[in-house]
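In: I'd like to go over a predicted model; first the sequence, then the structure.
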Amino acid sequence: MNKPNIFDFATKELSQDAFIAWFISHINFKEDHELSIVAKKFVIFLYNIFNNTSFDYDRVQFIDKVQLQYKKIDVYFRAKINDKMVSFIIEDKVNTTHHSNQLIKYKGLIEKETNLEEEVVCIYYKTGYLFDVDKEVSKFGYSIIDINLINKFLSENNLDNLIYNDYKNFIERKLNSLNESFSLYNNRLGFKEFKNDYIQWEFMKELQRRCSDFINETTVYSGVNRNGAIWTQYKFIYIPKLIGGLEDDNVFYRVDKRVNKLTKKEEYYLSLRMYSAVKKREDNIRNLKLIRLKTYIDIFNSLEVKENSNLKFSRINNDYQGANESEICILFFNNEENTIKNVLNEIPKFHKEFVEKVKELPI
């Protein structure tokens, strides 16, 4: 049996908040000299990354006001560095991302209550995968501390401390797990890694890069079904206000999971879909939606390059009622024709032709 690790059970952001606060609080606890030194190294590590400097840990003199959820900031503290007080804002994330302008708000609140001489260091500390939205935090004045930097710091600073080593081992295993998923993603059974939202995201971003033709709007986004299954979409067609009264027209690729009628098993698939909202009792609009859907299906089925592809497509769920969301085509991933590698190679061959034919349609 492997040694139990408290962070295997304390997996939430509040637990990580607590560890960070506990760790840096030891700067003032001189009785544990080694832990106090490494805590200073951690604070100067944050400071140096934010300021692109290379100060040594002895520049950190003491810390003050280590608080959790101060003004809703995950971890807030002040430290005396180079004889100057510095306020630290740490926005801590595990697998979620920032939202609701929280980063701008926190920075503004602290800047208002500090004097002009006091520096404010803003850190976005995340131990999960960095999505595009995470990488944008620099425009709000935050520096990213990702799992690679965290693991590097911990591995370079050894301590004989149970809590510290539990966190260190937990981060190392989490990073190894992330790297293993990406390694497995590249083999013939890589589609099984779609259980991880970040693998779906990487696939869709690569599909977006290879299938770069679009109409009006291109975006990758993800979500969770009611049953808890994750999905990811790449929208490449958006047409508002179509002729006849159809409100909008969205066409996108989607990675998701459902029962394959042939195998009777739940499997990951890639589908091409159309979404257009239709209100109840709008039968004329519903009919327009069905006509537009049939046009897309006919276009897809007519693509010459698609006919010569070695991909194996399955039968779609036919929409006869004019639902908001409908399938144009679908394929289930497997370790033969429909590997991730083959799908990424083949779909771009007819994506451009599909978009060009849609551009010819009356809107």
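Out: Ah, there it is.
In: what's near enough to touch residue 157?
Out: Neighbouring residues of residue 157 by C-beta atoms under 8 Å, 6 or more residues apart in numbering: 38, 41-42. No exception for glycine: its C-beta is placed from N, CA and C like everyone else's.
In: quick one: which of those is nearest residue 2?
Out: residue 38 (24.9 Å; C-beta to C-beta).
In: I figured the closest one hits residue 154, correct?
Out: No. Residue 38 lies out of contact with residue 154 (C-beta atoms under 8 Å); the separation is 9.3 Å.
In: Neighbour count: the two, which is higher?
Out: It is residue 38, of residue 38 and residue 154, that has more neighbours when counted by other C-beta atoms under 10 Å, with 23 against 20.
In: what about the helices in the stretch 151-300 of the chain?
Out: Applying DSSP state H, counting those that start in this stretch to the stretch 151-300 of the chain gives helices spanning 162-185, 197-210, 283-302.
In: contacts for the helix or strand where residue 48 lies?
Out: Using DSSP states H and E, residue 48 sits within helix 33-51. Here helix 33-51 makes contact (C-beta under 8 Å, 6+ apart) with 23-30, 53-60, 63, 79, 81, 86, 88, 90, 121-123, 143, 145, 149, 153, 157, 159-161, 164.
In: before we move on, what about stretch 356-363?
Out: Stretch 356-363 is touched from outside by 213, 215, 237, 239, 242-243, 249, 251, 295-296, 299, 302, with contacts defined as C-beta under 8 Å, 6+ apart.
In: same check, this time on stretch 160-175
Out: 5-8, 19, 22-23, 32, 34-35, 38, 127, 147-148, 150-151, 154-155, 159.
In: If burial is judged by neighbour count, which of the residues you listed pass?
Out: For these, a burial check counting by 16 or more other C-beta atoms under 10 Å picks out 5, 7, 19, 23, 35, 38, 127, 147, 150-151, 154, 159.
In: if we can go back for a sec, any chance of TSV for the helices of the stretch 151-300 of the chain, columns distance to residue 70 and mean neighbour count?
Out: TSV is the format used below for those (distance: least, C-beta to C-beta, whole Å; neighbours: other C-beta atoms under 10 Å):
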stretch	distance to residue 70	mean neighbour count
helix 162-185	22	16
helix 197-210	30	19
helix 283-302	51	17
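In: buried ones in the helix or strand that contains residue 112?
Out: In the assignment (DSSP H and E), residue 112 maps to helix 102-113. With burial defined by 16+ other C-beta under 10 Å, the residues of helix 102-113 counted as buried are 103, 106-107, 109-110.
In: ditto for stretch 15-28
Out: So, applying 16+ other C-beta under 10 Å, buried residues of stretch 15-28: 16-21, 23-24, 26-27.
In: what sits against the residue most central in space within the chain?
Out: Nearest residue to the geometric centre of the chain (C-alpha atoms, centre = their mean): residue 131, 3.4 Å. Shown in contact with residue 131 (C-beta under 8 Å, 6+ apart): 97, 198, 201.
In: Setting the sequence-adjacent residues aside, check what's closest to the first one.
Out: When the adjacent residues along the chain are set aside, residue 97 lies closest to residue 133, with 5.0 Å between them (C-beta to C-beta, 6 or more residues apart in numbering).
In: which strands and helices sit next to the helix or strand that neighbour falls within?
Out: Secondary structure from DSSP H and E places residue 133 in helix 132-135. Contacting helix 132-135 under the criterion 3 or more C-beta pairs under 8 Å, 6 or more residues apart in numbering; DSSP states H and E is no other helix or strand.
In: Beyond that helix, next helix or strand please.
Out: Counting by DSSP H and E, what follows helix 132-135 is strand 143-145.
In: so what's the closest residue in space to residue 70 that isn't next to it in sequence up against?
Out: In this structure, residue 70 finds its nearest non-sequential neighbour in residue 76, 4.2 Å apart by C-beta to C-beta, 6+ apart. Going by C-beta under 8 Å, 6+ apart, residue 76 touches 65-68, 70, 87-90, 110.
In: who's in contact with the helix or strand of the chain with the lowest mean pLDDT?
Out: Least confident helix or strand, the chain: helix 304-307 with a mean of 72, by mean pLDDT, DSSP states H and E. With contact meaning C-beta under 8 Å, 6+ apart, helix 304-307 is reached by 300, 349-350, 353.
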